[in-house]
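# Sequence plus the predicted model coming up.
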Amino acid sequence: MKLGIGIDTGGTYTDAVIYDFEGQEILGAVKALTTKDDLTIGILDAFDRLPGELVRRTEIISLSTTLATNACVEDRGGNAKLIFFGGDKKIIDELGGKYGLPKSKDIYIQEAYTKFSGEIEREVDWDLFRQNINGAFDDFDGVGIIEINAIKNGAVVERKAKTLFQERYGIPVVCGHELFSELNCLQRGSSTLLNARLFPVIQEFLKAIKTAMIRRGIKAPVVIVRSDGSLMSEEFAAVRPVETLLCGPAASVIGAVKLSGDANSIIVDMGGTTTDIALVKNDVPVMVTDGVSLGKWKTFVDGLYVKTFGLGGDSAIHYNEKKLFLEEYRAVPLCVAAAKYPEILENLKKIADNQNKHHLYLHEHYLLIKDLPQGDRYTEEEKTLCRVLKQGPMILQDAAAAVDRDIYNLKTSRLIKEGYVQICSLTPTDIMHIKGDFTGFSSEASVLGAQIVAYNTDMPVTELCREVYDEIKRKLYVTIVKVLLENKDKHFMRNGVTGDAEKLLNEAYAMAAGDRQRDGISLTFSTDCTLVGIGAPIHIFLPDVAEMLKTKAVIPEHHEVANALGAVMGNVYAAYTAEIRPNYAPEGITGYMVFGGDEMRIFETMDEAESFAVLKAKDGARLEAVKRGARGEISVNWALDRHEAETRDGTIHLGTTASAHALGSFGL
């Protein structure tokens, strides 16, 4: 037998499977709680639940994780900064936000002195650069460097800046040209900055995996899933963590396709923090065409088409003027926290007995996830709060008093955003405990929390439970229809389904759920795609949603660990492009420029330019596959895509893209 272990670490659970590649069967599948304070503990728990003899014989460990996905959806991650040579402050402030970039004041910007063609007019003022960066980056976890025309001049400015930066600092730094070869500098900048923000996220994960393997005596190569479902080596992932942006969702889709066997399906993966929805046509997952978008970030990362949004078993349940809603961020469920910290149960009993209504969520607790680092970056109030939380979780009132604040002025947003403190709240997982759909932890804490929220919203607990379940089904229904519309119509794919169109989807759901009278008009959506549900809680909600969409729901065996299965089933895949641009002059086209990787070449004829671009793309794809860990034979295919526009004077050649795709394996 050739054995591999697939591990998926999410915000709530760490799943693991041991897979026989020759027999193509799962020999063991387990779930363990993810331990945010030390990921190693949860991973060790998962290893120990698998058959020990088989674990020691494994030949490869393949990983997936939603840690990067969740960080983007919840706008969390490491403290990072972008260095932008040649950046225009006005353009960044006007357009950068569309890609996820911050305002120009939060970016280090310096003149680059390069032309649009990539030609360097004069040297960057490197003395000024050394002076400005000295002492200005001490508190950052990662840094990204881009130059506006780097793709056209061999990235000489980026390379020199990185060398000088590394002479001064030991923190992780990456250049835009090391990640992507596309020309759009704003999208390249956002992708590079996001990569820097994810350095500590992926480093913590990989370190935990290696520690767990050493403790259990497991000696096997480690690979990790990319956003397109292919695999890359751990060394590659450590430098390019942005490639894991849709790592977990991609593994889910691969696992779901294997488990379900449906050629045309909509994959719906509900976890603790997010829900991921993907489309499969003729057994092939649909891919994005212009880079992965997630949360506020629009990147150049190649990936599957996945609609990811904040909805899971651990979404915080909040209220506003007696109306319930689900937050897009994860909270620790009351039932889970109370099973570990008995004082939470006592606090909830006291709050429930007092019966005081309040617009703040007095039943919520603050939990310390990890210690603050040394240094002056955090305020004394933040440091004090983390010190007192070491003694155990605290409700808002007690936490505020501990730092000499009132409940209205306690500042915790930065600690929560950067992952040092987490909220414990009422969640759908608690509602599942109340309704008996899942009872793994303290149901008493769930009931008390629901009673407090129900009292504040003037509704019975039974009605609260119904409304929470209904809201989950509404979000699933609306987002599934959005996925179908975006893949049907280019307008919706480009602009999203928002405004009046989204209002119609909500009206359709209300009619389908029986909450709205038809009043002479019927608004319905249906699909012939099967809804394939994976993830622990999905079986509770998806069948009703499928019925509303006039289709069927399939919850396959091992659906709760489909992510881990998908992680161990991928190959190494790499893509590379080279761009050909005609050089227009008054007398006509005078030549063709080829941009690809570290160089720009000019050719007299289109045939010469195409031959060079194809060769550049093929070599680039093959080299990229090797960097990602491919061994042995690597197959490469290529294509040319000509871009034209019609004018009054005829057809204009805008440019041509040479693209190549390489496929290899890790040699099992």
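That came through, no problem.

# buried stuff in the strand or helix carrying residue 381?
Secondary-structure element containing residue 381, defined by DSSP states H and E: helix 380-389. Within helix 380-389, the residues scored as buried using 16 or more other C-beta atoms under 10 Å are 381-382, 385-386, 388-389. Heads up, the C-betas are built off the backbone N, CA and C, glycines and all.

# what do you get for stretch 197-214?
197-206, 208-210, 212-213.

# which residue lies farthest from the center of the chain?
Distance from the centre of the chain peaks at residue 587, with 49.1 Å (C-alpha atoms, centre = their mean).

# longest helix in this protein, by residue count?
Longest helix in the chain, counting residues (DSSP state H): helix 461-486.

# State the next helix or strand along the chain beyond that helix.
With DSSP H and E, the next secondary element past helix 461-486 is helix 490-495.

# helices or strands next to that following helix in the packing?
helix 461-486 (3 or more C-beta pairs under 8 Å, 6 or more residues apart in numbering; DSSP states H and E).

# What average pLDDT does the helix it packs on get?
When pLDDT is averaged over helix 461-486, the result is 97.

# Could you do stretch 323-343 as well?
According to the model, stretch 323-343 has a mean pLDDT of 95.

# Next, the buried residues of it.
For stretch 323-343, by 16+ other C-beta under 10 Å, it's 324, 326-339, 341.

# Check stretch 421-437 too.
Neighbour counts over stretch 421-437 (16+ other C-beta under 10 Å) mark 421-435 as buried.

# got the end-to-end distance for it?
Start-to-end span of stretch 421-437 (C-alpha to C-alpha, to the nearest Å) is 29 Å.

# so who does residue 139 touch?
79, 375, 377 (C-beta atoms under 8 Å, 6 or more residues apart in numbering).

# so which of the buried residues of stretch 421-437 would you say is closest to residue 70?
Taking C-beta to C-beta as the measure, residue 70 sits nearest to residue 422 out of the buried residues of stretch 421-437, at 12.0 Å.

# That closest one sits in which helix or strand?
Using DSSP H and E, residue 422 falls within strand 421-425.

# Name every strand pairing with that strand and say which way it goes.
Using DSSP bridges, the strands paired with strand 421-425 are strand 332-333 (parallel), strand 365-368 (antiparallel).

# starting at the chain centroid, how far to the first one?
Relative to the centre of its chain, strand 332-333 is centred 21 Å away, using C-alpha atoms, centre = their mean, to the nearest Å.

# following it, which helix or strand shows up next?
Next along the chain after strand 332-333, taking DSSP H and E as the criterion, comes helix 334-340.

# buried stuff in stretch 179-189?
Buried residues in stretch 179-189, counting neighbours by 16+ other C-beta under 10 Å, are found at 179-182, 184-189.

# okay, who's weakest in these by pLDDT?
Among these, residue 181 has the lowest pLDDT, at 76.

# quick one: it and residue 150 touch, right?
No: when contacts are counted by C-beta atoms under 8 Å, residue 181 is not listed as touching residue 150 (9.6 Å).

# list the residues that contact both of those two?
In contact with both residue 181 and residue 150: no residue, using C-beta under 8 Å, 6+ apart.

# Neighbouring strands of the helix or strand hosting residue 640 in the sheet, and parallel or not?
Using DSSP H and E, residue 640 sits within strand 631-647. Sheet pairing of strand 631-647 (DSSP bridges) gives strand 650-665 (antiparallel).

# Now the strand it pairs with: buried residues?
653, 656, 658-665.

# Run through the strands of the stretch 151-300 of the chain in chain order.
With strands called from DSSP state E, counting those that start in this stretch, the stretch 151-300 of the chain shows them at 173-175, 222-225, 231-233, 265-270, 275-281, 284-285, 293-294, 297-298.

# looking at these, which is closest to residue 573?
strand 231-233 (7.9 Å).

# Name every strand pairing with the closest one and say which way it goes.
strand 222-225 (antiparallel).

# And the contacts of the partner strand?
60-65, 206, 209-210, 213, 231-234, 237, 244, 247-248, 250-251, 254, 566-567, 570, 629, 666.

# now do 6 Å
With contact meaning C-beta atoms under 6 Å, 6 or more residues apart in numbering, strand 222-225 is reached by 61-64, 231-234, 237, 247, 250-251, 567, 570.

# ok, these vs residue 42, which is closest?
residue 63 (13.2 Å).

# Please identify the helix or strand for the closest one.
According to DSSP H and E, residue 63 maps onto strand 60-65.
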